[in-house]
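Chemist: Provide a 3D model corresponding to the input given below.
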Amino acid sequence: GTDATIAQHITTICDRNYAEKDGNQRFHPTQLGIALVEGYNSMGYQLNKPDLRREMEAECTAVAEGRKSKEAVLGPIIAKMLDCFKTASKEATKL
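Modeler: Have a look, this model is predicted:
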């Protein structure tokens, strides 16, 4: 996502019961949220870290600035996401 979609991501995370907001407006992971993160981590994916988003945003910025083509950026990103999906599907019992 982009900065414009962060609020929607937060809503989705709460709707799916991965985290809860306390009376001080702070978020805390639920047991389900912790299990999900630990499951993906056990597969070698740290999807809870900002690295993947940062990388994709940098690539999108390169396209927007004309330093890279859309095609040059999309292929590797889609391949990375597909690899993650295939691994998660194969090792779903870890989730």
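Chemist: drop to CA atoms for contacts and neighbour counts, all remaining ones
Modeler: OK.
Chemist: the residue most central in space within the chain: what's it in contact with?
Modeler: Note on the chain: the residue nearest the mean C-alpha position is residue 47, at 4.9 Å, using CA atoms, centre = their mean. Contact analysis of residue 47 by CA atoms under 8 Å, 6 or more residues apart in numbering lists 37, 40-41.
Chemist: pull out the buried residues from those.
Modeler: For the contacts of residue 47, a burial check counting by 16 or more other CA atoms under 10 Å picks out 37, 40.
Chemist: stretch 60-76: end-to-end distance?
Modeler: Start and end residues of stretch 60-76 are separated by 12 Å (CA to CA, to the nearest Å).
Chemist: show me what counts as buried in it.
Modeler: Buried, per 16+ other CA under 10 Å, within stretch 60-76: 60, 63.
Chemist: what average pLDDT does that stretch get?
Modeler: Stretch 60-76 comes out with an average pLDDT of 93.
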